[in-house]
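In: What follows is a predicted structure for the sequence shown.
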Amino acid sequence: MTEFSQNPKLSVCLKGDCLLLSLGGDWLLSSSRPNIEEVDLALNNPPKRLIVEGERLGAWDSSLILFLYQLHKRCLQADIALEWGAIPEGVKRLLALATAVPAQAKPANAQPSFLERIGTKFLELGQETYEFIRFIGEATLTLLRFVRGQAHYRRQDLWWLLEECGPSALPIVTLIALLVGLILAYVGAGQLSPFGAQIYVANLVGLGMVREMGAMMTAVIMAGRTGAAYAAQLGTMQVNEEIDALKTLGLEPIEFLILPRMLALCLMVPLLTAYADLVGLLGGALAAVSLFDLTLLEYLHQTRTSLALHDGMVGLIKAAVFGVLIATSGCLRGIQCQRSAQSVGEAATSAVVTGVVAIVVADALLTVLFTRLGL
């Protein structure tokens, strides 16, 4: 038998191929205690087994746990079988928790290559596109169930949402549409006045507002105002597990929560666009009559001459499409929200960005399509 330490609190002796480690006394942070270096000498010529006994242990705290955890790591590195003898059950449980999950190595700081980053972005874009299309498909099926009278939702929610994204949005829509009409008239008259053609300011404002700017500006306002609100509302429900509660009750969230929101936006955005067109024409008339040599009658007559029924239909069709895109973006980002407060803000921001990008892309495609069709 070889003895390596005769410390009153730590006794280490080697018996054949077995190392016996006996602990005693108080192991407290506030008092002197052995350290792991006193055992390292015995582990230089590693035994096959190490047995830890603690029959003589008194009071102990985290210093004992740290000592035994370091001993456990050294046994793993030297491939020594470690056996726990008569040590307190509390120590065993704490060591089991400390050694249950091995420490992970720190990830390397190597930056991915340029091609790898491009590939990752394309994969993320593909996944986002798939989620967007799948959500539109689910919403379409839900709308069909609504038409057949099989959808489950609260009608008072629909009326409240119609008021929230309709009449409540009139002040900001009025202000923006009036200013856009003024800007179009002022810029157009500035270019046309040198040629004595300021009468065509009415054509510019009328066609610009009815075909493009009315629907576009209304949609952008609703994306920032209502789309972000939908994402924040649904994201907060995700955080509070309210959506999980609906599923537990057997209710489909896409019917109970998303369908009323999509119906409200699809109905209100075209109506708000028609209102924005009228306010924009009024703003153009104010600029043309007050700043340039035009009468109100001339402006109204030229506007009526320049506009046709299909021009108004083009703007309203665009507005309906924009309403679907805004509702889809806001509700999708809200449903995808993670269960944290930070994710709610990120969902609202992402809903606005996604909605505005979708609006611009859809407007470009619809403009090309209507031009090809001669509308």
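Out: Great, that's in hand. Just so you know, these numbers come straight off a predicted model, no measurement behind them.

In: Mind exporting the C-alpha coordinates of stretch 236-249 to CSV?
Out: Provided in CSV are the C-alpha atoms of stretch 236-249 (Å, rounded to 0.1, in the frame of the first residue of the first chain):
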residue,chain,number,x,y,z
THR,A,236,-48.5,38.4,-28.3
MET,A,237,-51.1,35.6,-28.5
GLN,A,238,-48.3,33.2,-29.3
VAL,A,239,-46.2,34.5,-26.4
ASN,A,240,-49.2,34.1,-24.0
GLU,A,241,-50.1,30.7,-25.4
GLU,A,242,-53.6,31.8,-26.4
ILE,A,243,-53.3,30.3,-29.8
ASP,A,244,-52.3,26.9,-28.2
ALA,A,245,-55.4,27.3,-26.0
LEU,A,246,-57.6,27.7,-29.1
LYS,A,247,-56.2,24.6,-30.6
THR,A,248,-56.8,22.7,-27.4
LEU,A,249,-60.5,23.8,-27.6
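
In: List of residues touching it?
Out: Residues outside stretch 236-249 that contact it (Cβ atoms under 8 Å, 6 or more residues apart in numbering) are 234, 252-253, 256-257, 334-335, 337-341, 343-344. For the C-beta atoms, the positions are set from N, CA and C on the backbone; glycine is no exception.

In: can you name the two of those residues that are farthest apart?
Out: The most widely separated members of the contacts of stretch 236-249, counting by Cβ to Cβ, are Glu252 and Ala341 (26.4 Å).

In: more crowded one of the two?
Out: Comparing Glu252 with Ala341 by neighbour count (other Cβ atoms under 10 Å), the higher total belongs to Glu252, at 17 against 9.

In: Over to the residue lying closest to the more buried one once chain neighbours are set aside. Which of the three states is it?
Out: Distance criterion Cβ to Cβ, 6 or more residues apart in numbering; nearest residue to Glu252, sequence neighbours excluded, is His152 at 7.0 Å. Here His152 is coil, with the state taken from DSSP: H, G, I helix; E, B strand; the rest coil.

In: So His152 versus Ala232, what's the distance?
Out: As defined by Cβ to Cβ, to the nearest Å, His152 lies at a distance of 24 Å from Ala232.

In: more crowded one of those two?
Out: Between His152 and Ala232, Ala232 has the larger neighbour count (other Cβ under 10 Å), namely 20 against 12.

In: Run a quick check on that one versus Val344, I expect a contact.
Out: Yes: applying Cβ atoms under 8 Å as the test, Ala232 and Val344 come out as touching, 5.8 Å apart.

In: What about Tyr275, how many residues nearby?
Out: Applying other Cβ under 10 Å, we find 18 residues neighbouring Tyr275.

In: Revised request: answer the last question for Ser306.
Out: Neighbours around Ser306, by other Cβ under 10 Å: 16.

In: in what helix or strand does the residue nearest to it when sequence neighbours are not counted lie?
Out: Nearest non-adjacent residue to Ser306, counting by Cβ to Cβ, 6+ apart: Asn203, 4.0 Å away. Assigned by DSSP states H and E, Asn203 belongs to helix 201-207.

In: what separates the next helix or strand along the chain from that helix from the chain centre, distance-wise?
Out: Counting by DSSP H and E, the next helix or strand C-terminal to helix 201-207 is helix 214-222. Relative to its chain's centre, helix 214-222 lies at 23 Å (Cα atoms, centre = their mean, to the nearest Å).

In: and for helix 214-222, what are the contacting residues?
Out: Contacts to helix 214-222, defined as Cβ under 8 Å, 6+ apart, come from residues 165, 169, 172-173, 176-177, 180, 265, 268-269, 272-274, 276-277, 280, 315-316, 318-319, 322-323, 325-326, 355-356, 359, 363.

In: For ChimeraX, what selects the buried ones among the residues you listed?
Out: A single ChimeraX command is used to select the members of the contacts of helix 214-222 judged buried by 16 or more other Cβ atoms under 10 Å:
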select :165,169,173,176,177,180,265,268,269,272,273,274,276,277,280,315,316,318,319,322,323,325,326,355,356,359,363
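
In: mean confidence score for stretch 308-323?
Out: Mean per-residue pLDDT for stretch 308-323: 88.

In: Output that stretch as CSV, restricted to C-alpha atoms.
Out: Written as CSV, here are the backbone C-alpha positions of stretch 308-323 (Å, rounded to 0.1, in the frame of the first residue of the first chain):
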residue,chain,number,x,y,z
ALA,A,308,-62.5,56.3,-67.9
LEU,A,309,-64.3,53.6,-66.0
HIS,A,310,-61.5,51.1,-66.5
ASP,A,311,-59.0,53.4,-64.9
GLY,A,312,-61.0,53.3,-61.7
MET,A,313,-61.3,49.5,-62.0
VAL,A,314,-57.6,49.1,-62.4
GLY,A,315,-56.9,51.0,-59.1
LEU,A,316,-59.6,49.1,-57.2
ILE,A,317,-58.3,45.7,-58.4
LYS,A,318,-54.8,46.7,-57.3
ALA,A,319,-56.2,47.8,-53.9
ALA,A,320,-57.9,44.4,-53.4
VAL,A,321,-54.7,42.6,-54.2
PHE,A,322,-52.8,44.8,-51.9
GLY,A,323,-55.3,44.2,-49.1
